[in-house]
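**Student:** Let's see this in three dimensions:
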Amino acid sequence: MIPLSRPLSCLGLAIVLATVAAGAQALEAAGDASAQIRRTSFGVPHILASNERGLGYGIGYAYAQDNLCLLADEVLTVNGERSKYFGAEGKTVEQRDNLDSDLFFTWLNDNAAVNGFLQAQSAPIRDRLEGYAAGYNRALAERKAQGLPVECGAGDWVRPITSLDLVKLTRRLLAEGGIGQFAEAVVAAMPPGLAMHRPKADYSVALARQQAFASERGSNAVAVGAQRSANGRGLLLANPHFPWIGGLRFYQMQLTIPGQLDVMGAALPGLPVINIGFNRDLAWTHTVDTSKHFTLYRLQLDPKDPTRYLLDGQSLPLQQQAITVAVKGADGTLSQVQRQIHVSRFGPVVQWPGRLDWDGKYAYSLRDANLDNTRVLEQWYGINRAKDIDALKTSVAKLQGIPWVNTLAVDAGGRALYLNQSVVPYVDQAMLAQCSDPSLAGPLVVLDGSRSACQWKVDPDAAQPGIFPARLQPSLERADFVQNSNDSAWQVNPVQPLTGFSPLISREDQPLGMRTRFALQRLQGRAKLGVAELQHMVLDDEVYLASQLLPELLDWCKGTERDLQAVCASLEAWNGKAGTDSGMGLVHFANIMEALGDQPQIWRVAFDPADPQHTPRGLAVEQAAVRALLREAALASLAQVQEGGMAQEQQWGQVQQALDGTPVPGGPQELGVYNAMVSVPNGAGKRLVVSGTSYLQLVSFTEQGPQARGLLAFSLSSESASVHAFDQTRAFAVGQLAPIPFTEAQITSDPQYRQYGVSERDEQALVSAGK
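**Tutor:** Presented below is the predicted three-dimensional model:
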């Protein structure tokens, strides 16, 4: 590593660029790779190389400097090796038992699937993956020599990685929107005769994790077109709500190959592409969609044998796949645990007691469309290079590699786009009518597995057999705006509702989420929109539901008894926001609304599909039954606050905090808080943020190119000793968005600018010298 700290002049920069290009070409001929890593404020890396392998090398090296142990831990997880080092009873970041996790990922990432995925990649993607692994390994060797970070523990489980490990991380990402939510149900499935030997699994935790998928990976996005933007050009707000820990923690960086690529944004661990970001001509973001990415199949079992099922009257055997994982015992010795995964032609059998039972008559298989999605990296590779909305649409329609998110984008010309074109099983309304059982209606789509006619339809225009082609999925281009906050495509822009799609893709006539209603309230009208207006949508920390219901709640308070005066006083003193200076009224309001959330009778005006932006509305405090519910909820909230160790005079920033104690603004998305946060109890009177606003990006196109502001709310590094572990978190706490350097002039003039070079040739020379 060659450190350079002095900003370069224009001539000096040109010399560096030319040197990097010439040097990298020579290294490429020798099978080596090199990159320049330029760091700006908050340690953000801007990675410059002349070829794909060199770019990957720089990404892997920079990432391992900031998050070595995080990636090492995720690699251990996706290889099914947690029990080998930490024992079967330990927990993953997602609070899944190590053994269940290991069995699941050993099955998911079998050699055939992983090698097949890698072989399906283009040469540039393979080069970038190989470079990433080599760069990570270079940094690992250096950091081992220096002493591994405390987050690595004993470090005996931290090892060099390969491109196959990165493929496994990618497949884990694909499974997040489908079968990954059923890991325990896959590995615990057993025929009825063996049910008594089924390992115990905490399905309540698994169910809670499944239900929390959208809230912990939700997002807001607004794309403003030329008609409404203040300068007549494109404007984008990206506000993904992703985990602050683990394998879905974003990393901010810029990737540059002179003359070929220049893109800035955020990427997930192990992915050598920008997932959410911008280039000179295009800015884009994603929100978790409401589409279905898997279906269940109810198998009609052979009456003579519950390990066989009937398809078109023919009895077929369930295939058995033996999965073996190593488990470390209390005495340190290793043993082998084996489990049989049962698989029909639709997919693995899943067993969820009380929900998806395997008895003598039926069993359930799960088919996940994204398990055959080998195009996901190529998809973001294409988006990173797209020059305008047309190029983005063409790339997505051709590759169909977006796994489980919507896409919103603007270009420099002022065109705003919404796409709900992810990987969705081709099951239309007609097939649902013929193949689904009305008695099984619910959030899960269950099809008849006894008839081949109920297999997913195949369209020649689709990039993958069994998924909808892009032409049958929602797309909307507008000159004013499009927005999404994890609702369906229906009300992306109310002026032009999107209707008539398969229920697996998008549903209309469903109540909108409160964040969507808040966004539409802010966006509709004729006023021009600039960066400040979009920034305020997030950083104002407004609780939309409070603006709708708090006055009526305070009216109810006037008639309450003395035992609820503390709750009512907090509500009256509360500012209606979820800022760090907000009082305990926020906590009481959130508790009360959560308790009333499944009580439709509380609304004075019920949901009306003809007026989705304003219904349901009104708190029916004039009804005795509603007043009784409110009293019960308020008393429960008072007890909950006292039991949680919170004081009535506390501010929200003293309660909701980052790991280092930094106050964190934002609140529950169910309340319509655009700056949505998920926090969990963390000691007396404290809550630890685990998910929420992550990479916040505002991009405005100007005559000088893109101008961007934002931050990574949880900061760049997951290592507590790093100076970049909490610096952006502290800026986020006080609402300070920083300029995001993009051009060479912006990068080299940054007050914290420094740069260094890394190359495989230097690494090999060090090894040869015995250093």
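**Student:** so which helix or strand takes in I37?
**Tutor:** Following DSSP states H and E, one finds I37 within strand 34-39.
**Student:** who's in contact with that strand?
**Tutor:** Here strand 34-39 makes contact (CB atoms under 8 Å, 6 or more residues apart in numbering) with 16, 20, 23-24, 27, 45-49, 54-55, 57-58, 61-62, 135, 747-748, 752-761. For every residue, glycine as well, the C-beta is placed using N, CA and C.
**Student:** which stretches of the stretch 351-500 of the chain have low pLDDT?
**Tutor:** 441 (pLDDT under 70).
**Student:** For the buried ones among the contacts of strand 34-39, write the corresponding ChimeraX selection.
**Tutor:** Here is the ChimeraX command that selects only those of the contacts of strand 34-39 that count as buried (16 or more other CB atoms under 10 Å):
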select :16,20,23,24,27,45,46,47,48,49,54,55,57,58,61,62,135,747,748,753,755,756,757,758,759,760
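**Student:** angle of the lengthiest helix in the chain against strand 34-39?
**Tutor:** Ranked by residue count, the top helix of the chain under DSSP state H comes out as helix 52-78. Helix 52-78 and strand 34-39 are oriented at 70 degrees to each other (axes from the mean of the first three to the mean of the last three CA atoms, to 10 degrees).
**Student:** Tell me how far the helix or strand just after helix 52-78 lies from the chain's centre.
**Tutor:** Following helix 52-78 in sequence order, the next helix or strand is helix 82-86 (DSSP H and E). A distance of 26 Å separates the centroid of the chain from that of helix 82-86, by CA atoms, centre = their mean, to the nearest Å.
**Student:** mind saving the C-alpha coords of helix 82-86 as PDB?
**Tutor:** Extracted in PDB, the C-alpha atoms of helix 82-86 (Å, rounded to 0.1, in the frame of the first residue of the first chain):
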ATOM      1  CA  ARG A  82     -21.100 -21.500  12.100                       C
ATOM      2  CA  SER A  83     -21.700 -24.600  14.200                       C
ATOM      3  CA  LYS A  84     -18.200 -25.800  13.400                       C
ATOM      4  CA  TYR A  85     -16.700 -22.800  15.200                       C
ATOM      5  CA  PHE A  86     -19.400 -21.500  17.500                       C
END
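**Student:** any idea of the mean pLDDT in stretch 286-304?
**Tutor:** The average pLDDT within stretch 286-304 is 97.
**Student:** Give me the buried stretch members for it, please.
**Tutor:** So for stretch 286-304, counting by 16+ other CB under 10 Å, buried means 286-302.
**Student:** Stretch 348-365 too?
**Tutor:** Quick answer for stretch 348-365 (16+ other CB under 10 Å): 348-352, 356, 358, 362-365.
**Student:** which among those gets closest to A578?
**Tutor:** Of all the buried residues of stretch 348-365, W352 has the smallest distance to A578: 34.8 Å, by CB to CB.
**Student:** Which residue ranges of the stretch 1-150 of the chain form strands?
**Tutor:** 2-4, 34-39, 45-48 (DSSP state E, counting those that start in this stretch).
**Student:** Of the buried residues of stretch 286-304, which belong to strands?
**Tutor:** 286-288, 294-302 (DSSP state E).
**Student:** Need the three-state assignment for T516.
**Tutor:** With DSSP: H, G, I helix; E, B strand; the rest coil as the basis, T516 sits in helix.
**Student:** and it, how many neighbours does it have?
**Tutor:** Residues near T516, counting by other CB atoms under 10 Å, number 25.
**Student:** if I pick it, what's in contact with it?
**Tutor:** T516 touches 483-487, 491, counting by CB under 8 Å, 6+ apart.
**Student:** Greatest separation within those residues: which pair is it?
**Tutor:** N486 and Q491 (12.0 Å).
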